[in-house]
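K.L.:
just a sequence and a predicted model for now, questions to come.
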Amino acid sequence: MFLIGIARDMVVNYANRPSLPPEEALPDPKLVYPGTTVEPELLRKLIDDSFMYLSDGQRREIFDTLHAALMDPKNAAVRGPMIEYFAQRALTIRAAQLHLAKLSWPEKERLAAEFKTAFSALPAEEQAQLGEVVRRGLLPVPSDLGELLAAAVKQ
């Protein structure tokens, strides 16, 4: 009886849901990536919101590269998974940035000190590569923390 009650509620809720006008039910196929319901502008906004630490040109480069891959007919079968994978990664980066931005200054200094210790334990080649990434501001961290990490790399 309990399950029948739940099923009845689901049917009633489905029947009483507001219906969208037919023109709003599906996105315009000319404005979305083929085979998906995702508009390029949605990806552009996701990139801008998730990669705030990058310059406008760098964010544009990410969008252009992703857009070209999504429009490539060879990728038709994997467009949806590509978009999903990218969106998950972008949102993970955004969440990490927001979390790091909330850290207090002493917590950021402690994090930079731990980074410096871990950095100095790396082989020289890896230090050079990571040092370049840090100095160019390509880590997905707030700018004040990025400056602390850059200072830790220089020492």
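P.N.:
Yes, it's here. Numbers count the residues shown, from 1 in each chain.
K.L.:
next SSE after the top helix by length along the chain?
P.N.:
Counting residues, the longest helix found in the chain (DSSP state H) is helix 79-101. Next in sequence after helix 79-101, counting helices and strands by DSSP states H and E, comes helix 105-120.
K.L.:
thinking again about what came up before, which residues touch the longest helix of the chain?
P.N.:
Outside of helix 79-101, the residues within contact range by CB atoms under 8 Å, 6 or more residues apart in numbering are 33-36, 38, 43, 46-47, 49-53, 66, 69-70, 75, 108, 140-142, 145. Every C-beta, even on glycine, is put in place using the N, C-alpha and C of the backbone.
K.L.:
buried ones in it?
P.N.:
Applying a neighbour-count criterion of 16 or more other CB atoms under 10 Å, one finds 79, 83, 86, 90, 93, 94, 97, 100 buried in helix 79-101.
K.L.:
circling back to that earlier point, just the buried ones from the contacts of helix 79-101?
P.N.:
Buried members of the contacts of helix 79-101, scored by 16+ other CB under 10 Å, are 33, 38, 43, 46-47, 50-53, 66, 70, 75, 108, 140-142, 145.
K.L.:
all good on my end, thank you.
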